[in-house]
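**Student:** Mind folding the following:
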Amino acid sequence: QAGFTVEPSGTLTFSNVVFSGISQFGEREAFVVVRTNGVFRMQGAAALRGIANPVGQCGAVLNGGKMEMTSGSMIEKCASDYGWGGGVYVESTGELALSDATITGCRALELGGGVYAAAGAKLTLAGATRVTGNVQKGEYAGDVAQPDDIYAWDLVKGESLSPITVTGEMTDDASVRIRL
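**Tutor:** Below is the predicted model of the structure:
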């Protein structure tokens with residue numbers, strides 16, 4: 001079971017709060033699950049730090065919902081030892097918007113150490129957003145930790161999965177590595 005679930009059309013906001021050192025939710029769950037048309041906002045000094053899940057995803061799963069990270073919010077050192085999306089797993093109808101936010105030091109067993117974006121997911125990046133220092137370590141990496149910040153690629157079709165939009169101007173402090 002998730003730590004928090006945003007039900008359809010619901011809203012959850014974390015502002016200036018830190019959740020740290022939490023582990024083991026349900027299988028295929030995450031600390032925050034956002035369902036269809038739900039909205040999860042992290043703002044200010046809000047952080048998910050050291051969240052781990054050996055049987056599911058980790059920080060957040062966007063199951064048709066939207067996540068907005070702004071104003072210095074951070075996901076740091078989260079780990080999905082089950083599969084994909086160590087920081088955030090964006091399902092096909094989900095949306096992730098990052099503006100002046102950081103996802104760093106996260107890992108996934110398979111793909112998307114920082115962010116995994118499934119086919120049809122929407123990613124928007126702006127400001128001084130940093131998605132760096134994330135890794136995947138599993139069969140796709142030969143069981144050796146490999147850099148994997150944002151993963152948006154279909155292994156079967158051999159094509160990019162998701163539209164990624166950069167809005168406005170990314171600042172000099174921005175740093176993002178994307179595998180397309």
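**Student:** residue ranges with poor pLDDT in this protein?
**Tutor:** The chain contains residues with pLDDT under 70 at 1, 24-28, 139-143, 153-170, 177-180.
**Student:** Let's see that with 90 instead.
**Tutor:** For the chain, the stretches flagged by pLDDT under 90 are 1-3, 22-31, 52-59, 80-84, 91-92, 109-112, 117-127, 136-148, 150-180.
**Student:** In contact with the spatially most central residue of it, which residues?
**Tutor:** By CA atoms, centre = their mean, the chain has its centre lying nearest to Val88, at 1.8 Å. Neighbouring residues of Val88 by CB atoms under 8 Å, 6 or more residues apart in numbering: Gly59, Ala60, Val61, Leu62, Met67, Ile75, Leu96, Ile103, Gly114, Val115, Tyr116. In this view, the C-beta of every residue, glycine as well, is placed from N, C-alpha and C.
**Student:** Next: Val90.
**Tutor:** Counting by CB under 8 Å, 6+ apart, Val90 touches Leu62, Met67, Leu96, Val115, Tyr116, Ala117, Ala118, Ala121, Lys122, Leu123, Ser162.
**Student:** Swap in 10 Å and give it another go.
**Tutor:** Listed by CB atoms under 10 Å, 6 or more residues apart in numbering, the contact partners of Val90 are 34, 60-63, 65-67, 96, 112, 115-118, 120-123, 150, 152, 161-162.
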